[in-house]
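>>> the following block contains a protein sequence and its predicted model.
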Amino acid sequence: MTKRIGITGGIGSGKTTACRIFAALGIPVYYADDRAKWLMQNDPKLVAALKDAFGENTYDDQGLLNRSYLAEIVFNNKEQLNILNGLVHPAVREDGIRWDEQHQATPYTLREAALLYESGIDQLLDQVITVTAPENLRIQRVIERDGLSAEQVKARIDKQWPEEKKVGLADFVIHNDGRHSLIRQVYQIHQQLSKSKE
């Protein structure tokens, strides 16, 4: 059976870059955040549940998700955010299981998720890779990528699990600090995972 591998890391750690290298090696990658956005727009069951939880204004007249409305509700309200996550995470989990079933020809599949542990997805996986980088480098990358201030990036980092906690739980760790070759580390993990298919 194809192994299910998770890949995670805090904001700005470079997990998407690592995923692109795995994809170039022929490994299918499931991007949980992208699929969550798609499901919130296209999964009738999830759409109905979101409207039920947050009101009809969750979607506009064209049926498009009103992201700013939803963000305003959940941004500084942990209870509301937990309700949102409690609806979206199970939908993503089910979607990921269906996706895995379609990719049985490769030695392993990769499930990319920033909130891999927080959402409980790790329980469905065989092993987990954590991509890590020093916090100052992560902040710098996100400022350059998203045009946010250092304070805004720090606020997002503070909402995620500490990096060392994810590293401690990981089966493999990729150090994306500019001093170690990212390609070499990915390739070494790829070789190990490709060998270990039962």
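Sure thing, it's come through.
>>> now do the buried residues in stretch 128-145.
V128, I129, T130, V131, T132, A133, E135, R138, I139, R141, V142 (16 or more other CB atoms under 10 Å). To be clear about C-beta, it is placed using only N, CA and C from the backbone, and glycine gets the same treatment.
>>> with stretch 53-72 instead?
Across stretch 53-72, burial judged by 16+ other CB under 10 Å covers F54, T58, Y59, L65, L70.
>>> and which of these is nearest Y187?
Proximity of the buried residues of stretch 53-72 to Y187 was ranked by CB to CB; the top entry is L65 with 38.4 Å.
>>> tell me which residue is most central in the protein.
A113 (1.5 Å; CA atoms, centre = their mean).
>>> distance of the residue lying closest to that residue once chain neighbours are set aside relative to E56?
The shortest distance from A113 to any non-neighbouring residue, by CB to CB, 6 or more residues apart in numbering, is to A32 (3.7 Å). Distance, A32 to E56, using CB to CB, to the nearest Å: 27 Å.
>>> again, but for F22
Noted for F22: a distance of 41 Å to E56, by CB to CB.
>>> same deal with S68?
S68 is 15 Å from E56, by CB to CB.
>>> so in the protein, where's the weakest helix or strand by average pLDDT?
helix 150-159 (a mean of 87; mean pLDDT, DSSP states H and E).
>>> what sits up against that one?
Residues outside helix 150-159 that contact it (CB atoms under 8 Å, 6 or more residues apart in numbering) are G10, I11, G12, E135, R138, I139, V142, I143, D146, L148.
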